[in-house]
Each structure stands twice: as C-alpha cells, then as structure tokens.
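Novice: below: sequence and its predicted model.
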Amino acid sequence: MIELPPQIAAALPTAVRRTKRADWSNDGGRTWVPCGVGAADVRPDRTAECRWSGSAELLGVPTGRGGVNTIATRVRLWEGITAPRTDTVWVPAGQYVVDHLREARAYTGVELLGLEDVLRDASLPVPRPIESDTARNIAGLLVAEALPGAVVAWRPGVNADARMPRMVVDADRWQALSGGTDSTGTSTGIAAALGGELWADARGVVTVGPVPTLTDPVVWRLPYGQGRAEPAREQSAEGLANLWMISGDSGDGAPSVGPVAVWDDDPNSLSYAGPDPVEDPLAPQRLGIPGVRLRAQRYSSALITSTAQAYTVGQAKLADSLGVQSTLTFSVYSHPGIEPGDVVEVELQPGVWERHIIDACPRSLGAAAMTCQTRTSTRRL
C-alpha cells in the first residue's frame, strides 16, 4: 500500500477533489517533461506480467524522435487528492513505456505497459553462464543491464542474500528474474526460487517481495455503508492446488533437494488435503473426514539448494493456489494508495467482516469509485 497522510486517508470517503497529471521522458527517466492529461485509466493487476498497465490522453506533447514515441519514451502518471484546507497530495499511479501511440487532433493517445515490459524485451543475445552469487547481486546485474541506473528493492520476507548456484540464462532475462521455464522445460526464476514474486511498483521501482497471504497485516478497512461490497457468487477450480511437491537439482553434481511436500493442513479449509496426503493418503477415510479431495502440483528449480528454501517456495505456491475468486465493488470512493497484493477487510453486512487479497484494482484517474478483483479465504464458515 502507498501510505497517504492521515488527513488525506480520512477524507477519502468525503468530498475530496481528485486531479491528475503526467510526465514523459526520453532519457530513461533522468529528466521529465510535464504535460497535460485528459482521460487516463490504470489497470494494476497482480496476475499480469506487467503489474501496472494503462492508457492516457496526453495533451500538448510533441511526437516523433524528439517527442513521445514508442521507442524511448517513458510516461509517469499521478493522481492528486485535495482535502479541505490541505495541499494536494500526489500519489504515483505507475511508470510506463509506450506500447502504442495514436495521434488525434486534440491529444495523443498512448497505451502503456509497466517497466517489466523492458525486462521482457531485453533478451540475451546468447546464453550466458552466471557464477554462484547472492540473489541480490545477480538480480541487480540482470535488471541494471536492461534498465540502466535501476536498483532492485527487496521487501522483508524474501532472503536477498540467499546464495544462488551457478546458472545459465538461455535468453529470457524476465524468466530468469521472475519465473517460468527455459528451453528444456526446467523451472527458472530467482524470485520464484525464493518464494517471492517480482514486479515494478507504482513508482517504477523493480521490487521483489513475498507472495501475499490472508495472514498479512490489513492495510485498509472498509466499514459497512462507506462502500458497497458485492461478492460475485462465482467460483472456479482453475489453478487450485492443495498439495505442492517442491524439489531442486542444480545438475552440477551437488545432492538434489526434496521433494519437499507442503499442503493445506487446516481442517477448517474447504481445500483441506488431510493430515498427511503423502505418507498416509488413506487417513481421511480411516478418520471419517468427508470431502477431502487432493489436487497436487509439482515444482522443481535448479536454484533451490536447501530443504528450508524448498519449504519456503512450497508455502508461497500454496498461498497463491488457494482461495475462492470473488469481486468486490467499492462504489462510493476510490483509494489511490491500494495496490495489488494488499490485504483489505470489508464489512459485508453489519458486524460481518471478511479479509480479501487484492489481485487487481483498475480505476480511472480522478474518478470517485473503483472495482477490485480479490482472492478470499477457503475456510468453512
């Protein structure tokens, strides 16, 4: 969550004035040129490779080599909040590259993608071996090569000083940093191998942080009456897994790790996997526990070098693969500080509170309302 001054946060449900502005840069963000902005939409989404994307109508900007273009231009968007008797507070709403440009008579329309797109495009020309080093140093090198001057911010909960084994990056810089598979099908990704995820935040800072869970601190509480919460009565089993088998094998002769089993061991969870689905899969039947259904997935990475690391990755995978998908509509006011991955608490009915993890929170800059797609608990009520 982007922290707002207390007086601004308290005034959001009331009559605040909402404005917006934009800047553009052709030198990698060293200098910025302010410009006007008409309609602007931002689409923060934790499930997308580019966590921030959007579109905007830029006013009075030149185009071409010396102006806004799809080759070198970055765009920053801001939302301004002005409460009574206070100065305007400008909240960052993403730093982007221009993916598509359209010139109209009164404005230049741009489609925008977050800085992850730069990392995705900056493939290595030839496979490169990278010697064993800390995750902090390797990730910092791979990011700085594509985004000169950029640094990687590491949030608590991910061990930036964990030592990565020698690795070979085939071509895809993004997959080596974030997660995926190489040409042989082997799982890659420094962030994923540490039980984390990588993204560019609202300020354009490349960040590695832990996978959010419902036990994280609540950053926003929405009391009943301040906003209408309408959970969608829709559920999907797509991507649901309640047992993860995690292993690691660097292929360099060192002992392999695992497989380490991590499962949903909460008897009150709808996705409960049983007391021990690996060593005692018949336990639910023997103990008379109805409704237990196993949904197992495997994950292996050459960057996992210890049992403890494998367990951390398994917990992250489990947290990300559990949950009932629902939609909450905040129909009264928009909170510009809310980001994907935040844990919020909503009073659905008087006295009935429910925690949700924000997956996506698209909004129009300057608008009073926003819609959040969320992930909530699978606990039996």
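Specialist: Everything's here; your move. Numbers count the residues shown, from 1 in each chain.
Novice: quick check: next helix or strand after the lengthiest strand in the chain?
Specialist: Longest strand in the chain by number of residues (criterion: DSSP state E): strand 89-103. Proceeding N to C from strand 89-103, the next assigned helix or strand is strand 108-114, under DSSP states H and E.
Novice: list the helices and strands that following strand packs on?
Specialist: Secondary-structure packing of strand 108-114 (3 or more CB pairs under 8 Å, 6 or more residues apart in numbering; DSSP states H and E): strand 53-59, strand 74-82, strand 89-103. The way it works is simple: take the backbone N, C-alpha and C, and place the C-beta from them, glycine included.
Novice: angle of the longest strand of the chain against strand 74-82?
Specialist: Going by axes from the mean of the first three to the mean of the last three CA atoms, to 10 degrees, strand 89-103 is angled at 140 degrees with respect to strand 74-82.
Novice: chain center to strand 89-103, what's the gap?
Specialist: Remark: strand 89-103 is offset 18 Å from the chain centroid, using CA atoms, centre = their mean, to the nearest Å.
Novice: buried residues in that strand?
Specialist: Applying a neighbour-count criterion of 16 or more other CB atoms under 10 Å, one finds Val89, Val91, Pro92, Ala93, Gly94, Gln95, Tyr96, Val97, Val98, Leu101 buried in strand 89-103.
Novice: and for stretch 351-361?
Specialist: Within stretch 351-361, the residues scored as buried using 16+ other CB under 10 Å are Glu354, Arg355, His356, Ile357, Ile358, Asp359, Ala360, Cys361.
Novice: just give me the closest of those residues to Leu214.
Specialist: Nearest to Leu214 among the buried residues of stretch 351-361, counting by CB to CB, is Arg355 at 5.1 Å.
Novice: if we can go back for a sec, and the longest strand of the chain, what other elements does it pack with?
Specialist: Where contact means 3+ CB pairs under 8 Å, 6+ apart, strand 89-103 is packed against strand 33-42, strand 53-59, strand 74-82, strand 108-114, helix 116-121.
Novice: sorry, back to before: most widely separated two among the buried residues of stretch 351-361?
Specialist: Glu354 and Ala360 (17.8 Å).
Novice: helix, strand or coil for Pro84?
Specialist: Of the three states, Pro84 takes coil under DSSP: H, G, I helix; E, B strand; the rest coil.
Novice: got a list of what it touches?
Specialist: Contacts for Pro84 (CB atoms under 8 Å, 6 or more residues apart in numbering) come out as Ala11, Ala15.
Novice: roughly how far does it sit from Ala15?
Specialist: Distance of Pro84 to Ala15, given as CB to CB, to the nearest Å: 8 Å.
Novice: check Asp320 too.
Specialist: Counting by CB to CB, the gap from Asp320 to Ala15 is 39 Å.
Novice: who has more neighbours out of these two?
Specialist: Ranked by neighbour count (other CB atoms under 10 Å), Asp320 and Ala15 place Asp320 first, with 20 against 9.
Novice: secondary structure element holding the more buried one?
Specialist: Asp320 belongs to helix 307-321, assigned by DSSP H and E.
Novice: what do you get for Ile338?
Specialist: Judged by DSSP H and E, Ile338 forms part of no helix or strand.
Novice: how near is it to Pro210?
Specialist: Applying CB to CB, the value for Ile338 to Pro210 is 18 Å.
Novice: okay, domains of the protein per the record?
Specialist: Using automatic domain parsing, the domain parsing of the chain gives 6-114, 118-210, 243-321.
Novice: nearest to Arg221, out of those domains?
Specialist: That would be domain 6-114 among the domains of the chain, by CB to CB, at 11.1 Å.
Novice: spit out the contact partners of the residue most central in space within the chain.
Specialist: When CA atoms, centre = their mean is applied to the chain, the residue found nearest the centroid is Arg46 (3.5 Å). Shown in contact with Arg46 (CB under 8 Å, 6+ apart): Glu197, Trp199, Pro340, Gly341, Ile358, Asp359, Ala360.
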